[in-house]
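Trainee: Fold the stuff below for me.
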Amino acid sequence: MSMSNNLGVNISVAVNVLRQTYKNLNLLFSEMDMIAEEMGFVPLSTRFLRWKSDNYEDGWLLNNFIKIYQLDGASAGNDKILCM
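Mentor: Take a look at the predicted model:
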């Protein structure tokens with residue numbers, strides 16, 4: 001097998017690992033939503049927030065995820081927000 005074929009296989013495997021990781025993150029966030037709901041919290045957004053910067057060579061890689069919840073029916077005061 002040539003070196004270019006090996007590189008193509010390696011890239012394909014890496015992309016599959018990323019896809020599986022993001023699939024697992026979706027499962028995690030679903031679980032967090034269920035737990036938060038049981039505690040009386042609702043998510044402030046259906047999506048997660050992220051820190052991303054293209055100033056770094058690995059800027060395309062998302063590695064910091066933020067999900068913000070607030071007490072159901074409450075105003076967004078600091079004492080009513082849960083960050084996970």
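
Trainee: Going by residue numbers, what spans are helices in this structure?
Mentor: When secondary structure is read from DSSP state H, the chain shows helices at 3-38.

Trainee: For it, give me the ranges with low pLDDT.
Mentor: Judged by pLDDT under 70, the chain has its weakly predicted residues at 1-3, 51-61, 74-84.

Trainee: Give the closest residue to the residue positioned nearest the centre of it in space, chain neighbours not counted.
Mentor: Residue closest to the average C-alpha location in the chain (Cα atoms, centre = their mean): Phe65, at 4.5 Å. Closest residue to Phe65 apart from its sequence neighbours, by Cβ to Cβ, 6 or more residues apart in numbering: Phe48 at 4.9 Å. Using the backbone N, CA and C atoms, a C-beta is placed for each residue, glycine as well.

Trainee: Distance of the one you found relative to Glu38?
Mentor: Taking Cβ to Cβ, to the nearest Å as the measure, Phe48 falls 19 Å from Glu38.

Trainee: try Leu18
Mentor: The gap separating Leu18 from Glu38 is 31 Å, by Cβ to Cβ.

Trainee: And these two? Which one has more around it.
Mentor: Using other Cβ atoms under 10 Å as the criterion, Leu18 and Glu38 rank with Leu18 on top: 12 against 8.

Trainee: about what we covered before: quick check: bridge partners of the residue nearest to the centre of the chain?
Mentor: Beta bridges link Phe65 to Arg50, judged by DSSP bridges.

Trainee: That one touches Tyr22, doesn't it?
Mentor: No. Taking contacts as Cβ atoms under 8 Å, Phe65 lies outside contact range of Tyr22: 10.1 Å.

Trainee: and Ala36, how many neighbours?
Mentor: When counting by other Cβ under 10 Å, one arrives at 20 neighbours for Ala36.

Trainee: number of nearby residues for the residue lying closest to it once chain neighbours are set aside?
Mentor: Distances taken as Cβ to Cβ, 6+ apart place Tyr69 nearest to Ala36, at 4.6 Å, with adjacent residues excluded. A count of nearby residues for Tyr69, using other Cβ under 10 Å, gives 22.
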